[in-house]
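Enquirer: Got a predicted structure here, sequence first:
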Amino acid sequence: MNHLINIDNGGTLTDICVWDGHGFSFTKTLTTPFDLSQCLFDGIEKASATLYGEKDLVRLLHQTQHIRYSTTQGTNALVERKGPPIGLIVEDHAIVDELRDSAEAAALFDDLVGTRVATVDLTLPDKDLAFDLVQKVNQLTTDGAARIVVVGDSPESEQTLRHVLLRKFPRHLLGSVPLLYSWELVGDRRRDRRSWSSILNSFLHPVMERFLYQAQHRLREHKVTNPLLVYRNDGASSRVAKAIALKTYSSGPRGGMEGTQALANSYGLTHVLMMDVGGTTTDVGSVTGGEIATAERGAVGNIPISFPMSDVASAGVGGSSIIGVTDGRITVGPRSVGAAPGPACFGLGGQEATITDVNLLLGVLDPGTYLDGQLHLDADRARAVITETVAHPLGISLDEALLRMETAYFETMAAVIADLAHAETTLAAFGGAGPMSACGAARLAGVKRVLIPRLAAVFSAFGISFSDIGKSYAVGVPDATAESAAAIYDDMIVRAERDMFQEGYQLSDCNTEWVLAEETPEGDTVATRPYRRGDPVDAGSTRLSLRLDVVAALPHPVLTDDSLVESVDAVPDGVRAVRSDAHGVDQISVYRLDEQEPGARAAGPAIVEGPFFTARVPAGWQLDVTSNGDLILTDTH
């Protein structure tokens, strides 16, 4: 069992990347939103055909050490507000104002919670408290709450409420309305972060739960004993039963960040800006000095949460974003056609246009080679939809509509990256639509160099190859003494041993890192230092938290550098008619990336066909193929 399967599930396409210890096999399949486990198994079966020359799903499953899975389903659900209505029980109603302290936060709170808020008074006599709580829970469910979050000012307050609710609402009565107690999810002393973490986790949980357990059940039917691992937004993986739904948010882009870091270190790039263009969203993050920009306490948009996250910003524009006309102007996103029906040119009933339809009609895409020929694109369908939804409403020709739609898309993409780019920036573009649009967006944002990985079409899945199995723990130390810290240490050892055993590893075989953090009363970190059991403790006026990170290392790929690569002329594979302005089309050279030697060089305009992706190289740009088979594009103006 020496294979590692990495899967990145997007809104439109699902990517599969298999590492066998020596090289990668990879493929793509359409996401099946009606049953996400279907595209998972479809993809693994397609990967088995690449590996063995014929489909053999069971053979690959039984030769696999781990399946690591990331998904944009949580990100997309939040962007599109597709989740259960949340009810909120609080001890202090002032928390509502704290959670609505900005326009963005207020809008998210109104969409997820709204008026479904109940305030309870814990100073009431037990009988009165129980009556009041029952009435308010009933009202929350009457108002539509499908899940309820309980936020007390202390763990003890929540325990009081928990005891009442368990007594008054036995599982068979309230089981269809799950309750989440904030202090059980995370021991963050800062109330707004803990509350938002709990609300968002409750909103995302059903999106993840149904599919993940269904996938596990199907794996057991194939007698696969190794558990499915969920890839998290902190760069590690864990079993489904041990995963927190909120930690899957933006996990796919974190895979892209890991891959970006590996390439940045391989090529010695000082600042790389990741642009991961999925079907519904574009995710942007930075690698500076070879390190992924990470926040100790992350954020979802600008909403603070209690867990660490890489600094990735998501914008509602992707390869399947709808390009239409609103109030006489062309708009891009945030609505997406998704995998079903998909872009109009997919021929699956799509009634709205996307950048895929535009690039097909401009000539950038070859209808017969899209997804390596696995999906034939319907140009007539794309033409009809763009004519109806853009050209006719604006009173312009189809050709002019295509060019204006392309410009609008480039401008929207450039706006996503402009504030993060500077003179030393390299833009790493991947995802389905990234290579097609990277140079157009980069030029508008002032970026002179673009890196398109050979595995751009499955890059987030490739990036997961650099991850390990990991657990993180953080527990407050109740009093600043060595004895108290040592007791917490012993408890955390027991938890870590149990959790890692359930992951299939002995704690003694894992890497561990202990840190003692000094925190303000609100839970913000002031300072950290390494900790060993028995170390003296002196927190002064701060509070203490003991943290443990545990890592079970997995095999990682090794990349090469470009120091000995010499330039040679790239070899074209024909020409393609591409419209670049309103006056006509140009015959542009087409290069097959996998047929080029390391060091291959050519000048734009050009089209580069990579595995499952098409890259556009505008006039004034130069393309170079690296030692790893990646593509570097440089603006020579």
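Expert: Ah, there it is.

Enquirer: Mind splitting the chain into its structural domains?
Expert: 3-77+207-248, 79-204, 468-552 (automatic domain parsing).

Enquirer: Most tightly packed of these?
Expert: Comparing these by mean neighbour count (mean count of other Cβ atoms under 10 Å), domain 3-77+207-248 comes out on top with a mean of 20. Just so you know, the C-beta spots here come from the backbone N, C-alpha and C atoms, and that holds for glycine as well.

Enquirer: Work out the gap between it and the centre of the chain.
Expert: Chain-centre distance of domain 3-77+207-248: 15 Å, with Cα atoms, centre = their mean, to the nearest Å.

Enquirer: in this protein, what secondary structure element scores lowest on mean pLDDT?
Expert: helix 171-174 (a mean of 53; mean pLDDT, DSSP states H and E).

Enquirer: after that one, next one along is what?
Expert: strand 179-181 (DSSP states H and E).

Enquirer: need the helices for the stretch 51-200 of the chain, in chain order.
Expert: With helices called from DSSP state H, counting those that start in this stretch, the stretch 51-200 of the chain shows them at 57-62, 73-79, 94-99, 103-112, 126-142, 155-168, 171-174, 182-185, 191-221.

Enquirer: what stretches of the protein score poorly on pLDDT?
Expert: Across the chain, residues meeting the criterion (pLDDT under 70) sit at 1, 170-175, 372-373, 539-541, 563-564, 582-583.

Enquirer: Same list (the domains of the chain) but as TSV, adding distance to residue 255.
Expert: TSV is the format used below for the domains of the chain (distance: least, Cβ to Cβ, whole Å):
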stretch	distance to residue 255
domain 3-77+207-248	5
domain 79-204	18
domain 468-552	13
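
Enquirer: what's the closest of those domains to residue 300?
Expert: Among those, domain 79-204 comes nearest to residue 300, with 6.1 Å by Cβ to Cβ.

Enquirer: Show me how far that closest one is from its chain's centre.
Expert: 27 Å.

Enquirer: gap between the two ends of that domain?
Expert: Counting by Cα to Cα, to the nearest Å, you get 11 Å between the two ends of domain 79-204.

Enquirer: count of neighbours near residue 423?
Expert: Other residues lying near residue 423 total 8 when counted by other Cβ atoms under 10 Å.

Enquirer: I figured residue 460 hits residue 9, correct?
Expert: No - contact criterion Cβ atoms under 8 Å: residue 460 and residue 9 do not qualify, at 9.8 Å.

Enquirer: Overlap in contacts, these two.
Expert: 15, 70, 252 (Cβ atoms under 8 Å, 6 or more residues apart in numbering).

Enquirer: Among the domains of the chain, which comes closest to residue 366?
Expert: domain 3-77+207-248 (16.4 Å).

Enquirer: which ones are touching residue 245?
Expert: 74, 201, 204-205, 207-209.

Enquirer: so after the host helix or strand of residue 262, what's the next helix or strand?
Expert: Using DSSP H and E, residue 262 sits within helix 251-267. Sequence order places strand 271-277 as the next helix or strand after helix 251-267, per DSSP H and E.

Enquirer: What residues of the helix or strand following that next one count as buried?
Expert: Where DSSP H and E defines the elements, the next helix or strand beyond strand 271-277 is strand 282-288. Of all the residues in strand 282-288, those buried under the rule 16 or more other Cβ atoms under 10 Å are 282-287.

Enquirer: what's the farthest-apart pair in these?
Expert: Using Cβ to Cβ for every pair in those, the one that comes out farthest apart is 282 and 287, at 16.9 Å.

Enquirer: Can you get me a residue count around residue 398?
Expert: Neighbours around residue 398, by other Cβ under 10 Å: 14.

Enquirer: ok, for it, nearest residue in space, not its chain neighbours?
Expert: Leaving aside its chain neighbours, residue 398 sits nearest to residue 391 (5.1 Å; criterion: Cβ to Cβ, 6 or more residues apart in numbering).
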